[in-house]
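**Q** I would like the atomic coordinates for the input below:
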Amino acid sequence: MTETRPSTPTSLDDVDGWFPKVDQRLFTWFLDRQERLGQQGDLVELGSYLGKSAILIGRHLRDGETFTVCDLFDSEAPDDSNQAEMDGSYASLTRTAFEANYRAFHDGLPRIVQAPTSVILDHVRPESCRFVHVDASHLYEHVRGDIQAAHVMLPVEGVLVCDDYRSEHTPGVSAAVWEAVAAEGLRPVCVTPQKFYGTWGDVKDVQDDLLAWLGEQDDLWHEVQEVAGRPLLRVKGKPAPKAPKKDRTRELKERLARAEEQRARAQHELDSVRNSLSFKVGRAATALPRAMRRRNGRQR
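**A** Numbering: from 1, shown residues only. This next block holds a predicted model:
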């Protein structure tokens with residue numbers, strides 16, 4: 001029997017994974033801004049699943065830069081709790097599937113480190129990166145280590161993005177992210193329903209630029225809150241506009257008009273039948289039997 005192979009993806013929507021449109025827009029904005037400002041540095045993703053976010057990040061790789069992806073893929077996890085998470089949530093994850101998806105959009109692959117993310121500092125130099133995406137384990141100890149590694153890899157103006165910072169099933173990520181904010185100097189830039197964006201540098205300029213851009217986007221909602229004395233932007237996609245409800249009186253008049261039109265059409269068809277020669281002949285032919293039945297009925 002011939003094995004059915006998945007079709008080659010042609011857009012990010014064709015790639016399995018969790019990467020909402022709002023975060024696709026923000027990844028692009030942050031990476032474009034770095035290019036516009038002439039910021040140099042490598043790109044790193046810790047945890048890639050089937051490559052959905054890596055494909056987008058790879059579009060922003062420039063000459064002389066390296067994009068490093070670190071993931072266990074189909075290797076054994078280093079501990080039982082991590083293996084249980086892999087078996088429960090990422091059973092379909094294989095390096096082959098990741099590479100096939102990535103090659104559908106890029107000529108070459110990123111540098112792949114197939115290993116626990118705890119080894120990433122063996123492969124990436126300190127302060128050599130401009131953008132790090134943390135999306136590997138959901139366990140507190142691992143995420144805390146990934147954020148600390150990102151702090152080493154990023155210069156002060158570099159951008160850190162953490163996935164699942166607020167989901168009900170990932171409290172370990174929440175604990176690690178907000179601990180870094182409260183105790184380790186990580187400064188929030190913005191949050192979406194799924195991801196946290198921060199830096200260890202000054203956030204004012206980047207937030208000002210982001211606010212200016214958001215003000216021009218009709219499909220994105222945002223607000224500014226204050227968290228621990230610092231501004232924080234909330235960003236999410238706007239729902240598709242609902243069709244305006246018709247005026248109730250107008251709607252009832254339209255329904256009445258349609259019903260009247262249908263009644264008039266039916267009456268016209270009935271009149272046409274009654275006025276036809278065949279109807280009149282048939283009516284005349286049955287007139288005497290009908291009259292006799294009525295008379296017999298009265299006699300009884």
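
**Q** any idea how many residues pack against residue 150?
**A** The number of residues packed near residue 150 is 28, by other Cβ atoms under 10 Å. C-betas here are computed from N, CA, C, even on glycine.

**Q** next one: phi and psi at it?
**A** Residue 150 adopts backbone torsions of phi -60, psi -40, taken as degrees, to the nearest 10.

**Q** helix or strand right after the worst-scoring helix or strand of the chain on mean pLDDT?
**A** Within the chain, no helix or strand scores below helix 80-89, which has a mean of 49 by mean pLDDT, DSSP states H and E. Following helix 80-89 in sequence order, the next helix or strand is helix 95-103 (DSSP states H and E).

**Q** which strands or helices does that next one pack on?
**A** When contacts are defined as 3 or more Cβ pairs under 8 Å, 6 or more residues apart in numbering; DSSP states H and E, helix 95-103 sits against helix 52-58, strand 67-71, strand 111-114.

**Q** pull up the pairing partners for the shortest one, direction included.
**A** Under the criterion DSSP bridges, strand 111-114 sits next to strand 67-71 (parallel) in its sheet.

**Q** now do the partner strand, average pLDDT.
**A** Averaged across strand 67-71, the pLDDT comes to 98.

**Q** and that strand with helix 95-103, angle?
**A** Inter-element angle recorded for strand 67-71 and helix 95-103: 150 degrees (by axes from the mean of the first three to the mean of the last three Cα atoms, to 10 degrees).

**Q** may I have strand 67-71 as CSV, with CA atoms only?
**A** Extracted in CSV, the C-alpha atoms of strand 67-71 (Å, rounded to 0.1, in the frame of the first residue of the first chain):
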residue,chain,number,x,y,z
PHE,A,67,19.8,31.4,13.1
THR,A,68,20.0,28.6,15.7
VAL,A,69,17.1,26.3,16.5
CYS,A,70,17.4,24.1,19.6
ASP,A,71,14.8,21.4,20.2
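
**Q** can you tell me what sits against it?
**A** The contact list for strand 67-71, computed with Cβ atoms under 8 Å, 6 or more residues apart in numbering, reads 42-49, 54, 57-58, 61, 93, 95, 98, 110-115, 117, 119-120, 123-124, 136.

**Q** name the helix or strand for residue 271, please.
**A** helix 248-274.

**Q** let me know the average pLDDT across that helix.
**A** 78.

**Q** starting at the chain centroid, how far to that helix?
**A** 47 Å (Cα atoms, centre = their mean, to the nearest Å).

**Q** which element is the closest residue to residue 64 other than its chain neighbours on?
**A** What sits nearest to residue 64 in space, not counting adjacent residues and going by Cβ to Cβ, 6 or more residues apart in numbering, is residue 40, at 7.8 Å. In this assignment (DSSP H and E), residue 40 forms part of neither any helix nor any strand.

**Q** same question, residue 157
**A** Residue 157 belongs to no helix or strand, assigned by DSSP H and E.

**Q** list the contacts of the closest residue to residue 194 other than its chain neighbours.
**A** Distances taken as Cβ to Cβ, 6+ apart put residue 20 closest to residue 194, at 5.7 Å, once the chain neighbours are dropped. Residues in contact with residue 20 (Cβ under 8 Å, 6+ apart) are 192-194, 237.

**Q** residue 182 too?
**A** With contact set as Cβ under 8 Å, 6+ apart, residue 182 has these partners: residue 228.

**Q** before we move on, the earlier item: and the gap between the residue nearest to residue 194 and residue 26?
**A** Going from residue 20 to residue 26 by Cβ to Cβ, to the nearest Å gives 10 Å.

**Q** now the common contact residues for these two.
**A** residue 192.

**Q** picking that back up, in ChimeraX, select just the buried ones from the contacts of strand 67-71.
**A** In ChimeraX, this line selects whichever of these come out buried by 16 or more other Cβ atoms under 10 Å:
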select :42,43,44,45,46,47,48,49,54,57,58,61,93,95,98,110,112,113,115,117,120,124,136
